[in-house]
Structure formats: structure tokens, C-alpha cells
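Visitor: based on what follows, work out the 3D shape:
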Amino acid sequence: MDPTAPQVACFEAGIKFGSLYHQFAGTPVSPDSADSLARAIEEAIENQPHCESVTVEIREEPLRAAIAEAGADYTELTGRFLDVTMTIDYEGCVVETSMAMEEGYPLMQVDSVGVQ
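Guide: Numbers count the residues shown, from 1 in each chain. Below you'll find the model as predicted:
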């Protein structure tokens with residue numbers, strides 16, 4: 001049995017989140033570089049098939065707190081600093097997804113699935 005368009009669209013979203021998280025986790029980041037890193041992540045992930053849009057926000061308050069706690073000028077990027085939304089369109093099936101911290105864990109989830 002072949003997967004349905006909504007199933008493939010959700011799978012594609014998972015691939016993009018896996019790529020986003022594992023490609024960029026550990027990247028050195030500071031408040032000065034946060035915006036340019038967020039744009040670079042967006043542009044990199046949007047290159048992938050079926051990805052309509054990606055929005056990445058690097059949360060500066062927790063970022064600044066982690067840097068102050070470490071006594072350094074930067075820290076490494078982890079999910080606790082990221083808020084992400086993504087739209088996937090596979091054969092007219094649009095999947096809206098997000099990633100945000102929930103109970104100390106970067107939760108990636110499907111928010112809606114719709115067929116156009």
C-alpha cells in the first residue's frame with residue numbers, strides 16, 4: 001500500500017526537522033550572530049524539496065543567560081534557544097509544523113494537515 005499525500009507530507013516535515021536540528025545543533029552562537037544564523041538555517045532548510053517556508057527565531061533571553069552563566073562570549077546552539085515553524089506542501093497537502101520548548105524538551109510537532 002502506498003502512503004497517502006498527508007502521510008508523505010508529514011514524513012517530509014520530519015526529515016526537515018531532523019536536518020535542521022542535527023545539522024545546526026552545536027553551532028557557535030552569540031546575540032550578535034543569532035539573527036544571521038537564524039536566516040542561514042531558514043535558507044538552508046527551504047532548499048529541501050516540498051518546503052514552502054521556514055521561520056526560525058533564536059530566543060535571545062535564554063541565549064544571553066546561558067552565555068552569562070558560562071562566562072563566555074558565545075554558546076552552542078541547542079533546541080532550548082529555538083522556536084521554529086515550517087510549512088510543507090506535498091502534492092497539494094499542506095502541513096504546518098512547529099518546534100518549541102515544552103517541559104525542557106524541544107518538541108517538534110505537526111500542528112495541522114490540510115488538503116488544497
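Visitor: residue ranges with poor pLDDT in the protein?
Guide: Along the chain, no part satisfies pLDDT under 70.
Visitor: for the nearest residue to Tyr74 once chain neighbours are set aside, give its distance to Ile67.
Guide: Distance criterion C-beta to C-beta, 6 or more residues apart in numbering; nearest residue to Tyr74, sequence neighbours excluded, is Ser30 at 4.1 Å. For every residue, glycine as well, the C-beta is placed using N, CA and C. Here the criterion is C-beta to C-beta, to the nearest Å. By it, Ser30 lies 7 Å from Ile67.
Visitor: now the helices for this structure?
Guide: Listed in chain order, the helices of the chain (DSSP state H) span 5-24, 34-46, 60-70.
Visitor: helices and strands around the longest one, which ones?
Guide: Same thing as helix 5-24. Contacts defined by 3 or more C-beta pairs under 8 Å, 6 or more residues apart in numbering; DSSP states H and E place helix 5-24 against helix 34-46, strand 51-58, strand 82-90, strand 93-102, strand 105-115.
Visitor: convert the C-alpha atoms of stretch 7-25 to PDB, please.
Guide: In PDB, the C-alpha atoms belonging to stretch 7-25 read as follows (Å, rounded to 0.1, in the frame of the first residue of the first chain):
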ATOM      1  CA  GLN A   7       1.500  10.800   5.300                       C
ATOM      2  CA  VAL A   8       4.300  11.800   2.900                       C
ATOM      3  CA  ALA A   9       3.900  15.500   3.700                       C
ATOM      4  CA  CYS A  10       4.200  14.700   7.500                       C
ATOM      5  CA  PHE A  11       7.300  12.400   6.700                       C
ATOM      6  CA  GLU A  12       8.800  15.300   4.800                       C
ATOM      7  CA  ALA A  13       8.300  17.600   7.700                       C
ATOM      8  CA  GLY A  14      10.100  15.100  10.000                       C
ATOM      9  CA  ILE A  15      13.000  14.900   7.600                       C
ATOM     10  CA  LYS A  16      13.300  18.700   7.500                       C
ATOM     11  CA  PHE A  17      13.200  19.000  11.300                       C
ATOM     12  CA  GLY A  18      15.800  16.200  11.700                       C
ATOM     13  CA  SER A  19      18.000  18.000   9.200                       C
ATOM     14  CA  LEU A  20      17.500  21.400  10.900                       C
ATOM     15  CA  TYR A  21      18.200  20.100  14.400                       C
ATOM     16  CA  HIS A  22      21.100  17.800  13.700                       C
ATOM     17  CA  GLN A  23      22.800  20.000  11.200                       C
ATOM     18  CA  PHE A  24      22.900  23.100  13.300                       C
ATOM     19  CA  ALA A  25      23.000  21.900  16.900                       C
END
